[in-house]
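[1] here you go, sequence then predicted model.
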Amino acid sequence: MPHYHKLGQIPHKRHTQFRKPDGKLYSEQLFSTEGFSSHSSLLYHCHPPTEIVKVDEPYSVAPKVAEEKMLKHRSFMGFKVKPEDDFLQSRKAVLVNSDLHIVLAAPRKSMEGYFYKNADADEMIFVHEGSGTLKTQYGQLTFGYGDYLVIPRGTIYQIIFNTADNRLFIVESFSPIRYPKRYLSKYGQLLEHSPYCERDIRQPENLETIDEEGDFLIVAKKKGVIYPLHYKHHPFDVVGWDGCEYPFAFSIHDFEPITGRVHQPPPVHQTFEGNNFVVCSFCPRLFDYHPQAIPAPYNHSNIDSDEVLYYVDGDFMSRKHVERGMITLHPAGIPHGPHPGAVEKSIGAKETKELAVMVDTFHPLQITAAALDIEDGSYVMSWAE
């Protein structure tokens with residue numbers, strides 16, 4: 001991301017000698033995106049991060065697509081995904097395309113005995129239930145209900161949960177996850193009209209240098225395949241780093257809604273973007289204040305994008321029978337809008353307490369076998385009631 005940060009010990013100049021107290025060199029590592037043409041950070045390890053011990057047999061975790069093409073509104077009950085002990089095994093891809101995977105997870109236990117690296121995708125982990133600490137070679141980020149954790153691809157991490165009750169909504173993006181361009185100055189500062197600013201971004205803290213030798217398992221994912229890689233030294237042996245590429249946290253509760261006299265379009269809720277998709281946050285806010293305003297959203301024809309809405313908490317005036325963790329998919333090509341009676345009922349309402357995450361994709365989504373297991377098949381006919 002565009003703002004610079006540093007932790008720990010670093011030399012005065014990059015790519016120069018930086019020695020340990022015993023006179024040996026620290027090992028410098030450049031962590032860069034888009035080759036050498038975008039953000040990067042420099043990390044200083046006690047040992048070279050290349051010292052491999054052995055590799056185990058790879059295995060596939062690619063999602064199984066059940067429906068490649070469809071044109072009807074769908075709904076999936078996210079909290080019907082059964083909890084599992086292991087973090088990686090708990091992750092269930094439900095909607096996928098060549099730009100991103102949308103994943104649900106309900107892990108019961110912390111990551112123990114291994115570290116994880118997604119070599120393909122930036123990850124945006126939205127914490128619906130649970131709390132804990134994200135540990136990386138950059139330091140630590142504590143998290144809780146409503147936090148977005150944005151983790152650049154290639155970051156080695158462990159997640160430590162405080163309890164066994166955890167629900168996560170995850171976007172794996174095959175392009176960098178960014179602040180929306182219209183929120184940024186040409187030099188990268190978040191502008192005054194942005195619904196959040198740098199003060200709201202939580203950067204890694206508590207850099208703990210773990211200088212240990214042994215057999216450390218890094219589970220790396222590449223092209224839908226898991227590669228178990230064993231290294232000689234603990235991956236968190238970093239004594240310092242600086243740069244503009246690192247994991248960060250942002251709370252949905254710090255998103256400042258933009259309102260108006262009449263109903264505002266979804267782009268005012270935009271929070272992040274990637275190639276061919278956007279992420280939006282729907283937060284508690286005052287409704288429109290024109291004397292004849294209709295607070296409920298107007299009917300909308302999805303011509304160019306599939307709309308995914310993940311319901312977090314609160315009341316949703318435009319929908320009946322909404323449950324926490326529910327996902328709706330409104331595909332490109334057909335209109336969608338409020339359920340029958342919702343428009344008239346909304347008139348006179350002063351505020352909403354809704355909380356939701358929306359992902360709009362500009363290429364069609366495919367439905368996985370895991371999604372069919374939790375589908376509410378009656379949703380498509382809910383406008384006929």
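    Right, received. Where do you want to start?
[2] in its sheet, what does whichever strand or helix holds residue 215 sit against?
    Taking DSSP states H and E as the definition, residue 215 sits inside strand 213-222. Using DSSP bridges, the strands paired with strand 213-222 are strand 115-118 (parallel), strand 225-233 (antiparallel).
[3] export that strand to CSV, keeping only CA atoms.
    Taking C-alpha atoms only, strand 213-222 is exported to CSV below (Å, rounded to 0.1, in the frame of the first residue of the first chain):
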residue,chain,number,x,y,z
GLU,A,213,17.1,-23.8,13.8
GLY,A,214,15.1,-26.9,13.1
ASP,A,215,12.5,-28.2,10.7
PHE,A,216,9.9,-25.5,9.9
LEU,A,217,7.0,-26.4,7.6
ILE,A,218,5.7,-23.7,5.3
VAL,A,219,2.6,-24.8,3.4
ALA,A,220,2.6,-22.9,0.2
LYS,A,221,-0.3,-22.8,-2.3
LYS,A,222,0.4,-22.3,-6.0
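[4] in stretch 20-39, what counts as buried?
    Within stretch 20-39, the residues scored as buried using 16 or more other Cβ atoms under 10 Å are 26-29, 31-33, 39. The C-beta positions use only the backbone N, C-alpha and C, and glycine is treated the same way.
[5] cool, and stretch 244-252?
    For stretch 244-252, a neighbour-count test (16+ other Cβ under 10 Å) marks 245-252 as buried.
[6] now swap in stretch 212-223 and tell me
    Here stretch 212-223 shows 216-221 as buried, counting by 16+ other Cβ under 10 Å.
[7] and that stretch, how far out from the chain's middle?
    When C-alpha coordinates are averaged (Cα atoms, centre = their mean, to the nearest Å), stretch 212-223 and its chain have centres 22 Å apart.
[8] next: stretch 197-217.
    That offset, for stretch 197-217, works out to 18 Å (Cα atoms, centre = their mean).
[9] strands paired with the helix or strand where residue 358 lies, and their directions?
    For residue 358, the host element (DSSP H and E) is strand 355-361. Here strand 355-361 has these sheet partners by DSSP bridges: strand 277-282 (antiparallel), strand 306-313 (antiparallel).
[10] and those strands as a markdown table, adding mean pLDDT and distance to residue 119?
    Listed next are those as a markdown table, based on pLDDT from 0 to 100; distance: least, Cβ to Cβ, whole Å:
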| stretch | mean pLDDT | distance to residue 119 |
| --- | --- | --- |
| strand 277-282 | 97 | 20 |
| strand 306-313 | 96 | 25 |
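[11] JSON lines for those, including distance to residue 76 and mean neighbour count?
    Shown next, in JSON lines, are the strands paired with strand 355-361 (distance: least, Cβ to Cβ, whole Å; neighbours: other Cβ atoms under 10 Å):
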{"stretch": "strand 277-282", "distance to residue 76": "18", "mean neighbour count": "23"}
{"stretch": "strand 306-313", "distance to residue 76": "10", "mean neighbour count": "22"}
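[12] any chance of those in CSV with distance to residue 204 as columns?
    What follows is the strands paired with strand 355-361, written out as CSV (distance: least, Cβ to Cβ, whole Å):
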stretch, distance to residue 204
strand 277-282, 21
strand 306-313, 25
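[13] among these, which is nearest residue 64?
    Closest approach to residue 64 among these (Cβ to Cβ): strand 306-313, 19.0 Å.
[14] quick one: the helices in the stretch 151-300 of the chain?
    Secondary structure of the stretch 151-300 of the chain (DSSP state H, counting those that start in this stretch): no helices present.
[15] give me the most central residue, this structure.
    By Cα atoms, centre = their mean, the mean C-alpha position of the chain lies nearest to residue 124, the distance being 1.3 Å.
[16] list the contacts of that residue.
    Neighbour list for residue 124: 148-151, 170-171, 173, 177, 272, 279 [criterion: Cβ atoms under 8 Å, 6 or more residues apart in numbering].
[17] closest one of those to residue 241?
    Distance to residue 241, by Cβ to Cβ, is smallest for residue 151 among these, at 15.3 Å.
[18] how close does the closest one sit to residue 269?
    Per Cβ to Cβ, to the nearest Å, residue 151 is found 22 Å from residue 269.
[19] same drill for these two, tell me which one is more crowded.
    Neighbours were counted for residue 151 and for residue 269 using other Cβ atoms under 10 Å; residue 151 has more, 28 against 21.
[20] wait, that one sits on residue 157?
    Yes: with contact defined as Cβ atoms under 8 Å, residue 151 reaches residue 157; the gap is 6.3 Å.
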